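Provided below for reference: sequence and predicted model.
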Number of protein chains: 2
Amino acid sequence: MFPKLDPLLHSELRLAVMSILAGVDEADFTFIKNETGATSGNLSVQIDKLTAAGYITVEKGFKGKMPRTVCRITPAGQEAFSNYVGALKEYLSAGK
Amino acid sequence: MFPKLDPLLHSELRLAVMSILAGVDEADFTFIKNETGATSGNLSVQIDKLTAAGYITVEKGFKGKMPRTVCRITPAGQEAFSNYVGALKEYLSAGK
DNA sequence: TAATTTGGTTTATAAAATAAACTTGTTTAT
DNA sequence: ATAAACAAGTTTATTTTATAAACCAAATTA
């Protein structure tokens, strides 16, 4: 009746990150930080976890001279996110 | 853009409990335990938290000779659940 | 050239979830 | 009658997460 929720996605910040990345081609660290209001440290940690899970990729480069970290969602990440949304609906249906 | 999610509800088991209670008049401990597949210990702890928050009420009695714990959602709980569902939708919209 | 800011990472602390062990009392089998 | 197994939880301990604090290197600004 209640499907298991992917613990990697069932986290406020990681979910927000995935939500952003699901809607765009790419987004950099600073943009995600601004959108979510997260601290750099927290964001850095959560991005690592999503990367380790293969849900996103991280590409480090430079914009001019400043370092820049670009994130993208992977197909596996898209699917995991989609599955999570589906599973969650089972929990929410009663609460309209 | 991303509303804060009520941390009391953003928990797999507590959310399942609230989801059950949102749909029925009352439910007892054993029923919730069966529906969710949770361990007694975990369920006991999470029910305490929901009770402390005023989201549910717990009534202890007996069914025949056996102890029995009946749970009900409160108006505050209904509203919190409803708000949570609304907030969550902001996070899920990108993922269809 | 001395702050200050940008863009982070690493490490430490606080909070949460989960599991293991225990309690109280009830049936069931011997 | 009594021991073994079960029901319905609670309490305590362990593990996992999330968050915050401290730190770092390079770039920019005063």
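Happy to help now that I have it.

can you tell me which residues contact A:F31?
Each residue near A:F31 by CB atoms under 8 Å, 6 or more residues apart in numbering or on different chains is listed here: A:I20. In short, each C-beta sits where N, CA and C put it, glycine included.

how far away is the residue nearest the centre of chain A from DNA strand C?
Among the residues of chain A, the one closest to the centroid is A:M18, at 2.5 Å (CA atoms, centre = their mean). Note on A:M18: its distance to DNA strand C, by CB to the nearest atom of the strand, to the nearest Å, is 17 Å.

For that residue, list the residues it contacts.
Per CB under 8 Å, 6+ apart, neighbours of A:M18: A:L9, A:L50, A:Y55, A:I56, A:I73, A:G77, A:F81, B:G95.

can you tell me which of these lies nearest to A:K63?
The shortest approach to A:K63 among these belongs to A:I56, at 19.1 Å (CB to CB).

nearest residue to that closest one other than its sequence neighbours?
Counting by CB to CB, 6 or more residues apart in numbering or on different chains, A:I56 lies nearest to A:L50, which is 4.6 Å off, once chain neighbours are set aside.

Could you check the pLDDT of that neighbour?
We have a pLDDT of 95 for A:L50.

That one: neighbouring residues, count only.
Per other CB atoms under 10 Å in any protein chain shown, the neighbour tally for A:L50 reads 25.

Distance of it relative to A:C71?
8 Å (CB to CB, to the nearest Å).

residues shared between the contacts of those two?
With CB under 8 Å, 6+ apart, A:L50 and A:C71 have common neighbours A:V17, A:I56.

helix or strand right after the helix or strand containing the residue nearest to A:I56?
Counting by DSSP states H and E, the element that carries A:L50 is helix A:40-52. Remark: after helix A:40-52, the chain's next helix or strand is strand A:56-63, criterion DSSP H and E.

strands paired with that following strand, and their directions?
strand A:66-73 (antiparallel) (DSSP bridges).

Would you agree the residue nearest to A:I56 is in contact with A:L13?
No. A:L50 lies out of contact with A:L13 (CB atoms under 8 Å); the separation is 10.0 Å.
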